[in-house]
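Q: coordinates for the following, if possible.
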Amino acid sequence: MQRDYTLDKVRNFGIIAHIDAGKTTTSERVLFYTGMTHKIGEVHEGETVTDWMEQERERGITITAAAITCFWVPTYGTPQTNAEGNADKRGQNANADRYRFNIIDTPGHIDFTAEVKRSLRVLDGAVVVFDGVAGVEPQSETNWRYADDGNVPRICFINKLDRTGASFERSFASILDRLTKNAVRVQIPIGLEDKFEGVVDLLKMKAFYFEGNMGMTIKEGEVPAEFLDEAKKYRAELVEKIVEQDDALMSAYLEGKEPTLEVLKETLRKASLAVKIIPVFAGSALKNKGVQLVLDGVVDYLPSPLDMPPVHGLDPVTGADIYRNPSDTEPFSALAFKLQNDPFVGQLTFFRVYSGTIEAGTYIYNATTGEKERLGRIVRLQADKREEVKKVFAGEIAAAVGLKSAKTSHTLCDENKPILLDPIKFVAPVVSLRVEPKTKADQEKMGMALKKLSDEDPTFVISSNSDTGESIISGMGELHLEIMVDRMKREFGVEVNVGKPQVAYRETILGTADAEHKYIKQTGGKGQYGHVKITLKPLEKIEEGAKIPKNVHRYEDFEFIDSIKGGVIPQEFIPAVEKGVHEAMDRGIVAGYKMVNISCELTFGSYHDVDSSEIAYKIAASQAFQDAAKRARPVILEPIMKVEAIMPEQFMGDITGSLSGKRGQIEGMDERGMLRVIHAKVPLSEMFGYTTDIRSMTQGRGSVMMEFDHYEVVPANVEKTIVESRK
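A: Numbers count the residues shown, from 1 in each chain. This next block holds a predicted model:
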């Protein structure tokens, strides 16, 4: 089986945005215009392709990232319908200009931010959708930060310009102000709100209108006279921004020679791939205006796999750096980025192929676990539908059926040329719930359901309270856990009783302390002997890329330094000391919460020729850690949320007062159309149920958005309450 397209004609991109900006509506238009569907599904009718879960259709929000493969022929003024108006060939013309799109529609709610993070890790580009009324919103900023972390090229689409209160210029200004100074208009709208008719392409200086069935016929015309001066002004800005990227072009431009359209587009593409310019488009997905030109923008300004740098990984044995080019002839390497339980075929493992090819029926090597599995079937995803394929090539996104050992972030590769790709990093959960099965039958099924759900979602963590035996589920927010409990019931038939939401507090130390402990136990036969001396201090941040000495084991929130000289503790017992410290950190000191941001240095100890053992050193280290931590000014940390409250002006005083009463720090206020916005930092423990509170305070006209920002030391009176509640 051979590839029926070239890699330069592939675009792997995600559609990302804040909740309700119109991602899924845009995705539905993409599917329609590319010929993958023959009817546009609407979010408000619960009939969309990409929002296929029952919970998504009921709530009208995206919960899980959905993958779609479709094909597109760039339009730019060419009607997609033929003379008879037959739309069935749209976007599917079998010619050299056909582009293959692998698209992931991601969630916009902060509770499901892990879906965005892992999707951006395996995608080459992104279309960032903004609400034309609200402009940049909190999750827009978070998603943008994730894209910045991965240096992902992106284009912007200011959507919903048909809505009352829409303003392209205000939304564009919010992008410049809150996200990047590199954004530049490549289009401006013709009219706004109910007068929104089409868009002006600033490079071509042509107007485009969308007519016929679902806006499929694109009509090109001259720029309307009332928009001509505005278009000329913004075109000059665009051309200046483009020629700044090339010294030769800049010199010619200053001499009065403007580059050709082809040169401008080619230079703009290079700058977009380098994330030096972010092109901004305009339209309304719901009114079927502008989406086709965004797809042309994906072709023009987002990268193919060939435009991306070689993927980086490590040799699993030597730890040496390895790079793989996006080519079918290179050794196979892929990253598993998502698991999904399918009621018909079992577990699906989504993976992105970075190099080489793989066929169904062959064996696949998991470099993360060291296991080898047979790859029975490969499917290409169309949201919840599957198309079976025999072979996948470099640059593709597909799913494997029935892999048992593969989890999110695992590397799949050629056993003879192994590579360990950089893993995906996820945010730690901040909210917990106690769950217990309703019946004996539910008890047997609950463990399996929780394991499958936690395998799917790395931010959904299962633990148990060793004192009470209760099962604790932790996640990114109240809605996240509510959805998981609902999925347990619908997908696995498990009914559970749920406790009140709890905050995922942490503990740390603010001072430095030493401790020494000898563990000696003598019974009839061989005894136990372990002796350690340690120093604890707060963990200091190090610069990214800084060289870490060999005797330092550095983790995200813990550092272990082996400073043993002269073999006073044999080398084989050092890992046991580290493990003992780890286990003591999990139990906490003040109120039993996990401890973080601690540096532990093993400075001295001794051993016994006969009685020393791993267990003895583990216990000695654990006891020494507890002794030192109690004297190192231990404190409790609480999660602080970045809060954005939106309401009409007359309610601002009430909302400001209520947030201040919740230990909130008001950081600023601004306007968003007719509404007012309050930005604040508030402890999570004070915010449970606040969505309902703000609605009642504002006659149902206010809303609140929250996302985790950082951990902070709790005040003494709050710490006392927490400790009492844990007894």
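Q: tell me the buried residues in the strand or helix carrying Lys579?
A: Using DSSP states H and E, Lys579 sits in helix 574-587. Residues of helix 574-587 classed as buried: 574, 576-582, 584-585 (neighbour count, 16 or more other CB atoms under 10 Å). From N, CA and C alone the C-beta is placed, and that goes for glycine too.
Q: which residues touch it?
A: If you take CB atoms under 8 Å, 6 or more residues apart in numbering as the criterion, helix 574-587 is touched by 530, 532, 534, 553, 558, 560, 562, 564, 569, 594-596, 598, 600, 602, 605, 614-615, 617-622, 625-626, 629.
Q: name the helices or strands packed onto the next helix or strand along the chain from it?
A: Counting by DSSP H and E, the next helix or strand C-terminal to helix 574-587 is strand 598-606. Judged by 3 or more CB pairs under 8 Å, 6 or more residues apart in numbering; DSSP states H and E, strand 598-606 is in contact with strand 528-538, strand 558-562, helix 574-587, helix 614-630.
Q: quick one: average pLDDT of the last one?
A: Taken as a whole, helix 614-630 has a mean pLDDT of 95.
Q: likewise the shortest one?
A: Mean pLDDT, computed over strand 558-562, is 94.
Q: could you check the angle it makes with helix 614-630?
A: Comparing the axes of strand 558-562 and helix 614-630 via axes from the mean of the first three to the mean of the last three CA atoms, to 10 degrees yields an angle of 120 degrees.
Q: so which pair among the buried residues of helix 574-587 is furthest apart in space?
A: Maximum pairwise distance in those, criterion CB to CB, is 17.0 Å, between Ile574 and Met585.
Q: ignoring the adjacent residues along the chain, who's closest to Ala134?
A: Closest residue to Ala134 apart from its sequence neighbours, by CB to CB, 6 or more residues apart in numbering: Arg672 at 5.7 Å.
Q: which element is the residue nearest the centre of the chain on?
A: Centrality entry for the chain: nearest residue to the mean C-alpha point is Lys117, 1.6 Å, by CA atoms, centre = their mean. Using DSSP H and E, Lys117 maps to helix 113-122.
Q: between strand 528-538 and the helix holding Lys579, find me the angle.
A: With the same axes, to 10 degrees defining the directions, helix 574-587 sits at 60 degrees from strand 528-538.
Q: can I get the helices and strands packed on strand 598-606 in CSV including distance to Leu348?
A: CSV is the format used below for these (distance: least, CB to CB, whole Å):
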stretch, distance to Leu348
strand 528-538, 43
strand 558-562, 34
helix 574-587, 33
helix 614-630, 40
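Q: for those, which one sits closest to Asp514?
A: Closest to Asp514 of the helices and strands packed on strand 598-606 is strand 528-538 (CB to CB; 5.0 Å).
Q: tell me how far that closest one lies from the chain's centre.
A: Here the centre of strand 528-538 is set off from its chain's centre by 39 Å, with CA atoms, centre = their mean, to the nearest Å.
Q: which residue ranges of the stretch 151-300 of the chain form helices?
A: Using DSSP state H, counting those that start in this stretch, the helices of the stretch 151-300 of the chain run over residues 168-178, 225-243, 247-254, 261-273, 291-301.
Q: can you name every helix or strand that the third one contacts?
A: Contacting helix 247-254 under the criterion 3+ CB pairs under 8 Å, 6+ apart are the following elements: helix 225-243.
Q: so which bits of the helix it packs on are buried?
A: Using 16+ other CB under 10 Å as the test for burial, helix 225-243 gives 227, 231, 234-235, 238-239, 241-243.
Q: now do stretch 601-617
A: Across stretch 601-617, burial judged by 16+ other CB under 10 Å covers 601-605, 607, 612-613, 616-617.
Q: what ranges does the stretch 301-450 of the chain have for its strands?
A: For the stretch 301-450 of the chain, the strands defined by DSSP state E, counting those that start in this stretch cover 311-314, 321-324, 333-342, 346-355, 358-359, 363-366, 371-374, 377-382, 385-389, 391-392, 397-401, 411-413, 420-421, 431-437.
Q: each with direction, which strands does the fifth one pair with?
A: In other words, strand 358-359. If you go by DSSP bridges, strand 358-359 pairs up with strand 391-392 (antiparallel).
Q: repeat for the second one
A: Paired strands of strand 321-324, with direction, are strand 311-314 (antiparallel) (DSSP bridges).
Q: now do the partner strand, average pLDDT.
A: The model assigns strand 311-314 a mean pLDDT of 90.
Q: buried ones only from the contacts of helix 574-587, please, as a PyMOL command.
A: Restricted to buried positions by 16+ other CB under 10 Å, the PyMOL selection for the contacts of helix 574-587 reads:
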select buried, resi 530+532+534+558+560+562+564+569+594+595+596+598+600+602+605+617+618+619+620+621+622+625+626+629
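Q: I figured Leu335 was touching Ile419, is that so?
A: No - when contacts are counted by CB atoms under 8 Å, Leu335 is not listed as touching Ile419 (10.2 Å).
Q: please enumerate the shared neighbours of these two.
A: Common contacts of Leu335 and Ile419 (CB under 8 Å, 6+ apart): Thr411.
Q: and Ile158, how many neighbours?
A: Counted with other CB atoms under 10 Å, residues neighbouring Ile158 total 30.
Q: list the contacts for the closest residue to Ser613 other than its chain neighbours?
A: Leaving aside its chain neighbours, Ser613 sits nearest to Gln528 (5.9 Å; criterion: CB to CB, 6+ apart). Going by CB under 8 Å, 6+ apart, Gln528 touches 519-522, 611, 613, 615-616, 619.
Q: ok, now with 10 Å
A: Going by CB atoms under 10 Å, 6 or more residues apart in numbering, Gln528 touches 519-522, 608, 611-613, 615-617, 619-620.
Q: what's the separation between it and Ile520?
A: With distances taken as CB to CB, to the nearest Å, Gln528 is found 7 Å from Ile520.
Q: what is in contact with those two at once?
A: Jointly contacting Gln528 and Ile520 under the rule CB under 10 Å, 6+ apart are 608, 611, 616, 620.
Q: what are the bridge partners for the residue nearest to Ser613, then?
A: Gln528 has these beta-bridge partners by DSSP bridges: Lys521.
Q: quick one: low-confidence ranges for the stretch 351-500 of the chain?
A: 381-385, 465-469 (pLDDT under 70).
Q: now the stretch 201-350 of the chain
A: Scanning the stretch 201-350 of the chain with the threshold set as pLDDT under 70 gives 343-344.
Q: dump the shared contacts of Gln528 and Ile520 to CSV, plus distance to Val718.
A: CSV is the format used below for the shared contacts of Gln528 and Ile520 (distance: CB to CB, whole Å):
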residue, distance to Val718
His608, 46
Asp611, 46
Ala616, 39
Ala620, 34
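Q: related to what we said a few turns ago, for Gly125, find the nearest of the helices and strands packed on strand 598-606.
A: Within those, the stretch nearest Gly125 is strand 558-562; the backing value is 35.9 Å (CB to CB).
Q: the closest one: how far from the chain's middle?
A: Distance of strand 558-562 from the chain centroid (CA atoms, centre = their mean) equals 30 Å.
Q: distance to Ala126 added to the contacts of Gln528, as CSV?
A: Putting the contacts of Gln528 into CSV (distance: CB to CB, whole Å) gives the following:
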residue, distance to Ala126
Tyr519, 54
Ile520, 60
Lys521, 59
Gln522, 65
His608, 60
Asp611, 60
Ser612, 56
Ser613, 54
Ile615, 51
Ala616, 53
Tyr617, 49
Ile619, 51
Ala620, 51
